[in-house]
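Undergrad: Pasting the sequence and the predicted coordinates here, then a few questions.
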Amino acid sequence: MRSYDVLVVGSGPGGQKAAIQAAKLGKKVAIIEKSPFIGGAGIHTGTLPSKTLRETALIYSGFKQRAIFGLQLTLNREIALSELMHKKSEVARLQMEVIIDQFSRNNVEVIYGEASFANPKTLLLKGNGSTIELAADFIILAPGSRPARPPEVPFDAEHIYDSDSILGLNRIPGSLTIVGGGVIGCEYACIFGALGVKVTLVEKKARLLSFADEEIVTSLMYWMRHSGVTFRLDEEVIDISVERPGRVITRLKSGKVMVSEKLLYTMGRVGNSDALNLGAVGLKADYRGLVSVNEHFQTAVPNIYAIGDVIGFPSLASTSMEQGRRAVCHAFQKEGITCEVPGLLPFGIYTIPEISMIGETEESLTLKGIPYEAGCAYFHEVARGQIIGDVHGMLKLLFDRNSRLILGVHIVGERASELIHIGQAVMSYGGPIDYFKDAVFNYPTLSDAYKVAALNGLNKL
C-alpha cells in the first residue's frame, strides 16, 4: 500500500489547485486521473473547446468585422467544426504542458486509473489490468461531471448530440434545436447563431439564466434574436425523434412542433460519482450524481472533501479552483492555515455578447428589502465602445442608497468577463461607489464605463 497525506481524485481545474495547494503546504500528494490525459473536461470537452469555438466563430463569421466596419463575410457551410477549432488542440496541449510543469515543480505525483473507496482513508485504483491500494489522511473528490443523457432522448452522434459530442459535427447544419436554456445551451445558441445557423432554443423555465440580472439577460436575448435565435420559453419537451436523415422532430407539451437538421440536448450535467463506491464510506450521491458538502466543502465523512462540478452550482472552472484550494486549507487548519470563504465570486458566461456578474441582482435586493440604486453606462457613451463597434453593451452598478457600498456589478458586452474584476476588487475591499466617481481610467477604454455608471447612479440620489 502506498501512503500519502492527500489524494485528489480528478485532474480538472479544482483537482489541480487542490493538489498544488497541498504540495505548497509540504504535504505528500498524488492526483488520480482515469482518462489518458490530465485536465478534465475543462481542457478536453468543455471550457476550452467551447470558448475556442466561440472565438473562431466570431472571426470566421465576420461578426466583429460587421459591427465595426459593416463587412459581411460568407462562411463555407460545408466546413467541419474540427476545422473551425484548429486552435483547440494547440491550446489544450499548451495547457497540459503548463499543468504538468506545475505538478513537476511541486512534486505532485500523477497516477492514472479509476479510483473507488475501500474505506474512508483508502482508495482502490484500477488501471493497466491491476488494482493497487492508496491510503491518505485526506481525500479530495474532484471527479467532474458529464452531460446528462436521459434514456428517452435518442442520442446518436449523427442527429442528436450532447455538449461533448456536438464538437464532432462534420459540417455546420442549416438549423439546430437546442433543448435547455442554461449556460451551456445559451453559449452554443450564440455560437451557432453567429455561424448563420437557424437556432431554436427551448427552455422549460419562463426566463433564461434565472440567477442573472433580468435586464442584462433581456439585453442578451435581444442580440441573440438579432443573430437568428428563436426562443421557446416556458415550454416542455415531450418527444424527440429522427424522422429521416437531416430531419429531427421535437414536440412540445403545448402542441408546438419543431423541425431541424440537428438537435443539441443541454439539460443539465451529472456528477461523475457513480464509480467511486461512495456507499463503502457511508456517503450517497443524489439523483444527479452530486455529493453534499458543508461550507468548507467537507462531506459527512470529515476527512473526505468534494469540490467542483460534483457538488453542483455554480460548476464553473474558476470557482472550482478556489474550492480546491480552500478545501485543502481547511483540512490542515490545525497548522495555522486560515480558510475564509468569500461571498463574492464572479460569473462569466461566454455568450455573444458576453455577460458577467458579481454580487446581488436587482431582483435579489428587492426580495431582501434593501434600498438600492442603479447606475448604468452604455458602451455607446464610451469612446472605446465606438472604436471596437460594441455600441450596445452595458455596465450596471448596484449600490446601497445609504452606505453607498457597491452591492452588485452586471455587464453585457465585449470583454464583460474581463471588466468584472475591477468591480470585484472594489467590492472585496468594501469600496463605495464614490471610488469610481473619483478614479481616473485610461482613455479610451471600456473600463471608463465604471466612472460613467457611477456618475449616473449618484445623480439619482
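TA: Sure thing, it's come through. Numbering: from 1, shown residues only.

Undergrad: pull the CA atoms of the helix or strand Ala189 falls within into CSV?
TA: Taking DSSP states H and E as the definition, one finds Ala189 inside helix 183-194. Taking Å, rounded to 0.1, in the frame of the first residue of the first chain, the C-alpha atoms of helix 183-194 are listed here in CSV:
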residue,chain,number,x,y,z
VAL,A,183,-25.3,28.5,-19.5
ILE,A,184,-24.2,25.8,-22.0
GLY,A,185,-27.3,26.0,-24.1
CYS,A,186,-27.1,29.8,-24.3
GLU,A,187,-23.4,29.7,-25.2
TYR,A,188,-23.9,27.2,-28.0
ALA,A,189,-27.0,29.0,-29.3
CYS,A,190,-24.9,32.2,-29.7
ILE,A,191,-22.0,30.3,-31.3
PHE,A,192,-24.2,28.6,-33.9
GLY,A,193,-26.2,31.8,-34.4
ALA,A,194,-23.0,33.7,-35.2
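
Undergrad: so what does the helix or strand encompassing Ala453 touch, helix or strand wise?
TA: Using DSSP H and E, Ala453 sits in helix 449-458. In terms of contacts (3 or more CB pairs under 8 Å, 6 or more residues apart in numbering; DSSP states H and E), helix 449-458 is packed against strand 372-378, strand 394-400, helix 416-428, helix 434-438. Using the backbone N, CA and C atoms, a C-beta is placed for each residue, glycine as well.

Undergrad: how far off strand 394-400 does the helix or strand just after the second one point, in degrees?
TA: Per DSSP H and E, strand 394-400 leads on to strand 406-412 as the next helix or strand towards the C-terminus. Per axes from the mean of the first three to the mean of the last three CA atoms, to 10 degrees, the angle that strand 406-412 makes with strand 394-400 is 170 degrees.

Undergrad: So which elements touch strand 406-412?
TA: By 3+ CB pairs under 8 Å, 6+ apart, strand 406-412 packs against helix 214-226, strand 355-359, helix 362-368, strand 394-400, helix 416-428.

Undergrad: And the contacts of that strand?
TA: 212-213, 215-216, 219-220, 353-362, 365, 370, 372, 393-400, 419-420, 423-424, 426-427, 431-433 (CB atoms under 8 Å, 6 or more residues apart in numbering).

Undergrad: and Ile140, backbone torsions?
TA: phi -110, psi 120 (degrees, to the nearest 10).

Undergrad: Correct me if wrong: it contacts Tyr305.
TA: Yes - taking contacts as CB atoms under 8 Å, Ile140 lies within contact range of Tyr305: 4.9 Å.

Undergrad: which neighbours do those two share?
TA: Ala327, Val328.

Undergrad: can you give me the helices in the chain?
TA: 13-24, 40-44, 47-60, 63-69, 81-84, 86-105, 183-194, 214-226, 317-331, 362-368, 383-388, 416-428, 434-438, 449-458 (DSSP state H).

Undergrad: how far away is the residue nearest to Ile352 when sequence neighbours are not counted from Ser210?
TA: Leaving aside its sequence neighbours, Ile352 sits nearest to Cys190 (CB to CB, 6 or more residues apart in numbering; 3.9 Å). Cys190 sits 18 Å away from Ser210, going by CB to CB, to the nearest Å.

Undergrad: Same question for His44.
TA: 29 Å.

Undergrad: Look at those two and report which has more neighbours.
TA: More neighbours surround His44 than the other of His44 and Ser210, with 20 against 14 (other CB atoms under 10 Å).

Undergrad: Could you check how far the more buried one is from Ile387?
TA: Counting by CB to CB, the gap from His44 to Ile387 is 36 Å.
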